Every structure is written in structure tokens, then in C-alpha cells.
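Asker: Got a predicted model here, sequence first, then my questions.
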Amino acid sequence: MYEYKELDDRQLKAIELLAGGEVIKVVADKVGVHRKTIYDWLKKDIFKAELDRQVKELKSNIEKKLLTNVNPFINELTKIALYSESDKTRLEAITYCINRLIGTPTKVQQDITEDANKEDNSINIDDIVQGIELKEAK
């Protein structure tokens, strides 16, 4: 593991701001460097590693906070889904709940092939039309 002494105060402040979602320009202005400097720092392994660590820590803290309040969230969502005066709001809440439970349906049908070397089973529409025409002619 690396030690923080390899990162100066400006880099640590930049990491904190980036982990919090600030854009490069704002970060550069707040730490007193040019935007290019931030991009150069982002290329350094130690900087990237610390940024990744702080982002993970931030996400973990947010997740913990959300989990401690999950029951009130679910109760409120249930109230909205069942008792909202707006049909649209009720539908959106119910749809959200169902999608979270069983997954969001997709509109695109996925073609799954187990063996890429299988015969080509494509259908030629011209052959079908020609076959129909031949049958009709008889």
C-alpha cells in the first residue's frame, strides 16, 4: 500500500472533490491549478488508486445510510403506490417496485446462440415468394 505523503495537499483536495462529483474545471479552480494538471494527476497510479479508494468509501457510506433507512423508504413507497391521488404517480411507484423485484423488461429481443459455428438458418424471403408463386401457378 502507498503512503499519503506521496500525494500533496492539493492532490488530496482534488481527489476529495472529484470523489464528490465535482467537474475537472471546478476542481482545478478550487485547488489552484490548471485543468491539464488535474488530467496529468489522473494518469498517475497513486492518484487513481486514492481516488478509487475514496469513491468506494463514499459509496459504501451512502449504501450503509440507505440501508439503515430502508424500512421507512419502503413504507413511503408503498403509501405512494397504493394511496396517491395521481394515477400516474401510483403507476410509476408500482412499476418501480415490480421492476426492482423481477427486473426491468426489455423491448429488444436478444438472440442467444450457443455455438457460433452452427449452420446458417437464415431465411431468404425471395425463395419463399418464389415457392408461393410456383404453388399458385400449378
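Answerer: Cool, got the structure.
Asker: what about the longest helix in the chain?
Answerer: If you go by DSSP state H, the chain has its longest helix at helix 45-68.
Asker: so where's the chain uncertain?
Answerer: 1-5, 106-138 (pLDDT under 70).
Asker: 50 instead?
Answerer: Counting by pLDDT under 50, the chain has low-confidence residues at 1-3.
Asker: Do a quick rundown of the helices in it.
Answerer: Along the chain, counting by DSSP H, helices occupy 9-19, 24-31, 35-42, 45-68, 70-83, 87-102, 125-137.
Asker: Kindly compare burial across those and name the winner.
Answerer: helix 9-19 (a mean of 18; mean count of other CB atoms under 10 Å). C-beta: built from backbone N, CA, C; applies to glycine.
Asker: ok so, going back, put the alpha carbons of the longest helix of the chain into PDB.
Answerer: Written as PDB, here are the backbone C-alpha positions of helix 45-68 (Å, rounded to 0.1, in the frame of the first residue of the first chain):
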ATOM      1  CA  ASP A  45      -1.400   5.300 -10.500                       C
ATOM      2  CA  ILE A  46      -1.200   6.600  -6.900                       C
ATOM      3  CA  PHE A  47      -3.600   9.400  -7.600                       C
ATOM      4  CA  LYS A  48      -6.100   7.000  -9.400                       C
ATOM      5  CA  ALA A  49      -5.800   4.400  -6.600                       C
ATOM      6  CA  GLU A  50      -6.600   7.000  -3.900                       C
ATOM      7  CA  LEU A  51      -9.500   8.400  -6.000                       C
ATOM      8  CA  ASP A  52     -10.900   4.900  -6.400                       C
ATOM      9  CA  ARG A  53     -10.500   4.200  -2.700                       C
ATOM     10  CA  GLN A  54     -12.300   7.400  -1.800                       C
ATOM     11  CA  VAL A  55     -15.100   6.800  -4.300                       C
ATOM     12  CA  LYS A  56     -15.600   3.300  -2.900                       C
ATOM     13  CA  GLU A  57     -15.600   4.600   0.600                       C
ATOM     14  CA  LEU A  58     -18.200   7.300  -0.200                       C
ATOM     15  CA  LYS A  59     -20.400   4.700  -2.000                       C
ATOM     16  CA  SER A  60     -20.100   2.400   1.000                       C
ATOM     17  CA  ASN A  61     -21.100   5.100   3.400                       C
ATOM     18  CA  ILE A  62     -24.100   6.100   1.300                       C
ATOM     19  CA  GLU A  63     -25.200   2.500   1.000                       C
ATOM     20  CA  LYS A  64     -25.000   2.000   4.800                       C
ATOM     21  CA  LYS A  65     -27.100   5.100   5.300                       C
ATOM     22  CA  LEU A  66     -29.700   4.000   2.800                       C
ATOM     23  CA  LEU A  67     -29.800   0.500   4.300                       C
ATOM     24  CA  THR A  68     -30.500   1.900   7.800                       C
END
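Asker: Nothing else from me, thank you.
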